[in-house]
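Asker: quick one, structure for this:
(one chain, ligands or ions: 2)
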Amino acid sequence: MTTRVAINGASGRMGRELVVACGKREDLELTAAFASSGNDALGLDVGRLAGVAETGVKLADSSTMGATDFDVLVDFSLPDPSIAALRVCRDKGAAMVIGTTGYSGAQQDEIDAATRDIAIVQAPNYSAGVNLSLDLVRRAAAALGDDFDIEIIEAHHRHKVDAPSGTALKLGEVAAEATGRHLDECAVYARQGHTGARDRNTIGFSTVRGGDIVGEHTVMFAGEGERIEITHKASSRQTFAGGAMRAAVWAAEQRAGHYDMGDVLGLS
Ligand SMILES: NC(=O)C1=CN([C@@H]2O[C@H](COP(=O)(O)OP(=O)(O)OC[C@H]3O[C@@H](n4cnc5c(N)ncnc54)[C@H](OP(=O)(O)O)[C@@H]3O)[C@@H](O)[C@H]2O)C=CC1
Ligand SMILES: O=C(O)C1=N[C@H](C(=O)O)C[C@H](O)C1
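Answerer: Numbers count the residues shown, from 1 in each chain. Ligands and ions are numbered 1, 2, ... in the order given. Model prediction:
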């Protein structure tokens, strides 16, 4: 069976990689691809935009999404257009694979509510390596407990608009939960000036932005006389795009609910 996929944010850095990744799978048919109404490339074939063979699918204004047929929408855009797309998917009963990061609390609540009606896979990172790292961090944090200070360092390209990355926040949530805390109550996102000594209860975040760094994350467990670091480095966006397309095939078969990449990979 072939799953009909649409892509939101199709002309972006990830969107173009998603077009390529979709073309590599025989179980997926690309049926639509969306960008904002002001996009200069509207009407162009998205295969050409992605630097591969023509797909027969032209880049369309996302305000026309409701009039388009698809089984699953793969969204790597921005929070506001992503939520507009979520409403369309909920109305249609289409599944969603969400890669976008940086939602407000209210936007995340709306995503959570929509999972009563449709299947949604939401992951801040669709690489297999990061999802395995989440499990390693959970185990390390639980084993090391209060004796080790937890710091999370992430690095991304100069164009990234949200910080810390969605992946860094997820790594922080997992580490906090594994040590009996809630990230909202222990996260430190910036340090400057006379900060005083480190509060042992905190989880610190450091953000690097520069050049073309695809995505790097380290969770550091710093103890007395030793340090453990769990690091993942992505060197190609195809690793995210391939994972998201795998999630699209999986999502089309699921009942309404909130899933993550661990569910898709059978790690959860
Ligand atoms: N989960 C994961 O594995 C990963 C997640 N991401 C996340 O994906 C998101 C996108 O990243 P990236 O591709 O680098 O960003 P880009 O800025 O390259 O792409 C975002 C795209 O969203 C489009 N967009 C803006 N408004 C609309 C609209 N109204 N309707 C449809 N599309 C719209 C933009 O198109 P236009 O030019 O028309 O405005 C743009 O092409 C980010 O949140 C990032 O954190 C990134 C990599 C991996
Ligand atoms: O914006 C990006 O590029 C990335 N965003 C994701 C995030 O915020 O975690 C995942 C990846 O690291 C690349």
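Asker: ok, now how distant is the spatially closest residue to Asn131 that is not a sequence neighbour from ligand 2?
Answerer: Nearest non-adjacent residue to Asn131, counting by CB to CB, 6 or more residues apart in numbering: Met261, 4.8 Å away. Every residue, glycine included, has its C-beta placed from N, CA and C. With distances taken as CB to the nearest ligand atom, to the nearest Å, Met261 is found 11 Å from ligand 2.
Asker: ok, now Ala106?
Answerer: From Ala106 over to ligand 2 (counting by CB to the nearest ligand atom), the distance is 19 Å.
Asker: quick check: residues of the stretch 1-150 of the chain near ligand 2?
Answerer: 101, 124-125 (CB under 6 Å from any ligand atom).
Asker: possible to save the residues you listed as CSV with neighbour count and secondary structure?
Answerer: Below are these laid out as CSV (neighbours: other CB atoms under 10 Å; DSSP: H, G, I helix; E, B strand; the rest coil):
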residue, neighbour count, secondary structure
Thr101, 24, coil
Pro124, 21, coil
Asn125, 27, coil
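Asker: pLDDT for these - can I get that in TSV?
Answerer: As requested, these are exported to TSV (pLDDT from 0 to 100):
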residue	pLDDT
Thr101	98
Pro124	98
Asn125	98
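Asker: counting neighbours, what do you get for the residue in the stretch 1-150 of the chain that ligand 1 sits nearest to?
Answerer: Residue nearest to ligand 1 within the stretch 1-150 of the chain: Gly12 (2.2 Å; CB to the nearest ligand atom). Using other CB atoms under 10 Å, the number of residues around Gly12 comes to 17.
Asker: which residues does it contact?
Answerer: 35, 76-77 (CB atoms under 8 Å, 6 or more residues apart in numbering).
Asker: ok, the residue lying closest to Asp260 once chain neighbours are set aside - how many residues close by?
Answerer: Spatially, and ignoring its direct neighbours in sequence, Asp260 is nearest to Ala123 (5.1 Å; CB to CB, 6+ apart). By other CB under 10 Å, the residues close to Ala123 number 27.
Asker: quick check on Ala123: phi, psi?
Answerer: The phi/psi pair for Ala123 (degrees, to the nearest 10) reads phi -150, psi 140.
Asker: minimum distance to ligand 2, which residue of this structure gives it?
Answerer: Gly215 (2.8 Å).
Asker: that residue contacts Ala234, doesn't it?
Answerer: Yes - using CB atoms under 8 Å, Gly215 is in contact with Ala234, at 4.2 Å.
Asker: these two: which is more packed in?
Answerer: The neighbour count for Gly215 versus Ala234, taken as other CB under 10 Å, is higher for Gly215 (23 against 19).
Asker: pretty sure Ala247 is in a helix, no?
Answerer: Yes - under DSSP: H, G, I helix; E, B strand; the rest coil, Ala247 falls within a helix.
Asker: contacting residues for it?
Answerer: Ala247 neighbours (CB under 8 Å, 6+ apart): 74, 97, 121, 123, 126, 261, 264.
Asker: as TSV, the residues you listed with distance to Arg181, secondary structure and pLDDT would be great.
Answerer: Shown next, in TSV, are the contacts of Ala247 (distance: CB to CB, whole Å; DSSP: H, G, I helix; E, B strand; the rest coil; pLDDT from 0 to 100):
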residue	distance to Arg181	secondary structure	pLDDT
Val74	33	strand	99
Val97	30	strand	99
Val121	27	strand	99
Ala123	22	coil	98
Tyr126	27	coil	98
Met261	23	helix	98
Val264	27	helix	98
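Asker: what is the nearest of the residues you listed to Arg200?
Answerer: Using CB to CB, Ala123 comes nearest to Arg200 of those, at 30.6 Å.
Asker: was I right to think that closest one contacts Asp263?
Answerer: No - checked against CB under 8 Å, the pair Ala123 and Asp263 is beyond contact range at 9.3 Å.
Asker: so where do the strands sit in the stretch 1-150 of the chain?
Answerer: 3-8, 28-35, 59-61, 72-75, 95-98, 119-122, 149-156 (DSSP state E, counting those that start in this stretch).
Asker: any part of the fourth one near ligand 1?
Answerer: Read it as strand 72-75. No - using CB under 6 Å from any ligand atom, strand 72-75 stays clear of ligand 1, coming no nearer than 8.3 Å.
Asker: with that, I have no additional questions.
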